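A.B. asks: Quick one, structure for this:
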Amino acid sequence: MDAEAILTLILHANRLKRMPRTGWVIRGLTGAESVADHIFGTAFIALVLAELVAEPVDRGKLLAMILLHDLPESLTTDLPQPVVRFFPPDAKPQAELNALMELLQGVGFGERFRAWWQAAKDEESIEARILRDADRLELLVQAYVYGRMMSGTVLDEFWEGQEERPFKLEVSQRLFAALLERRRQEQRGRRKGRRPTRGGPSSVGR
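C.D. replies: Here you go, the predicted structure:
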């Protein structure tokens, strides 16, 4: 066992606890969640989805894939979509793979970690499909929560086009529909709350 290599890997993973999700930061949120916060949220939603699908799920494999899928960001940082869209199509995936290989250098079980990470990217297994849906649902849940905290429409872009993008699992689609309906009901309630009282201030005392 190469203790130094393993300790270095653990310390890099620890960085994710202090690394903010930059998509929120560039939109003006202070105290935004960290990458590690997002990983926890994704893991919890994935465990819920695993209980709701008919196919058998290897929960150990599922959690391993979740813990590893954003690990390269400890070196690449969290690159938001407004930045990534300027990259060549394969640049970000290749950078993430290169970062992962550097992180796993000298780690005896590194190949197993790399295989789990790659399986998550390939999206072929039920575990990978659950992860992909949970990752996206967690983003939308967080956008919903932050949207309730913020005034204005700065986070509306996170919802644009979401209804045209089907989830991989039916249960995920149903949860998304429920979240979307809850958001719409709250928006309607806020709009009603902002309407002036019938007659307006001038009617007082009449």
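
A.B. asks: how far is the helix or strand bottoming out on mean pLDDT in the chain from where the chain is centred?
C.D. replies: Least confident helix or strand of the chain, by mean pLDDT, DSSP states H and E, is helix 81-84 with a mean of 84. Chain-centre distance of helix 81-84: 15 Å, with Cα atoms, centre = their mean, to the nearest Å.

A.B. asks: Which parts of the protein are helices?
C.D. replies: For the chain, helices defined by DSSP state H occupy the ranges 3-15, 22-25, 35-52, 59-69, 73-76, 81-84, 91-103, 110-122, 126-149, 170-194.

A.B. asks: Give me the packing partners of the fifth one, helices and strands only.
C.D. replies: What that stands for is helix 73-76. For helix 73-76, the packing partners by 3 or more Cβ pairs under 8 Å, 6 or more residues apart in numbering; DSSP states H and E come out as helix 3-15, helix 91-103. Every C-beta, even on glycine, is put in place using the N, C-alpha and C of the backbone.

A.B. asks: buried ones in that helix?
C.D. replies: Under the neighbour-count criterion of 16 or more other Cβ atoms under 10 Å, helix 73-76 has 73-74 buried.

A.B. asks: Identify the residues contacting the nearest residue to Ala32 once chain neighbours are set aside.
C.D. replies: Leaving aside its chain neighbours, Ala32 sits nearest to Trp24 (3.7 Å; criterion: Cβ to Cβ, 6 or more residues apart in numbering). By Cβ atoms under 8 Å, 6 or more residues apart in numbering, the contact list for Trp24 reads 32-33, 142, 146.

A.B. asks: Understood, closing this out.
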